[in-house]
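Trainee: need a 3D model of the following:
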Amino acid sequence: TLAYPVLKKHSLPATIFLTVNYIGTDKQSWQVRLYKLLPKLPSEKMGSIGDGVLKSRLKIYSESNNKFEAYLQLTKYLKTKPTLYIENLFAQWGEPAHSTSGPVCLSWDEVKEMQSCGIDFGSHTLNHVILTVEAEENASRELQLSKHLLEQKLGRPVSHFAYPSGELNRKVKSLVRQAG
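Mentor: Model (predicted):
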């Protein structure tokens, strides 16, 4: 990471929120994958997949002069869909679940080195799912397992959590409390 050397040099405190199943892998969130995919996605693939709202948002993107704003509107819509729906879209577009450029996330060795220099870590779920649209059982699993695995790897309690994409509601807040 770019910030770590500065934090270490000046002994500055920081908390980094980890998506546990991404550590040491080339996995990227669907938002990043979508951002990279859209400019190279042929227009015939944009209009052939998904429901009417999705097709409409993809058409707006393809015709827009402000691609970033159109991308934001598209992700806003997709955040209302469960992970399985989004992963099915990528599969239909022929987009692999992982990059081929090698690891893009921190490794466990890097996490441990940073921890030894005073950096704190919190949970950000297992797979960066939007908890508000996941089935309660899956959301609970994401929260509990991510906390458990982090505590196991870090050798200390994990007491911080960041909601993926900042999305939360009463149900999710309750599940976070239950997970500890």
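Trainee: for the chain, longest helix please?
Mentor: Determined from DSSP state H, the single longest helix within the chain is helix 136-154.
Trainee: any idea which helix or strand comes after that one?
Mentor: On the C-terminal side of helix 136-154, the nearest following helix or strand under DSSP states H and E is helix 170-179.
Trainee: by contact count, what packs against that next one?
Mentor: Contact here means 3 or more CB pairs under 8 Å, 6 or more residues apart in numbering; DSSP states H and E; on that basis helix 170-179 packs against helix 136-154. Any C-beta I mention is one placed from the backbone N, CA and C, and that applies to glycine too.
Trainee: quick check: angle from the helix it packs on to helix 170-179?
Mentor: Counting by axes from the mean of the first three to the mean of the last three CA atoms, to 10 degrees, helix 136-154 lies at 40 degrees to helix 170-179.
Trainee: and stretch 14-24, average pLDDT?
Mentor: The average pLDDT for stretch 14-24 rounds to 93.
Trainee: quick one: terminal-to-terminal distance for it?
Mentor: Counting by CA to CA, to the nearest Å, you get 20 Å between the two ends of stretch 14-24.
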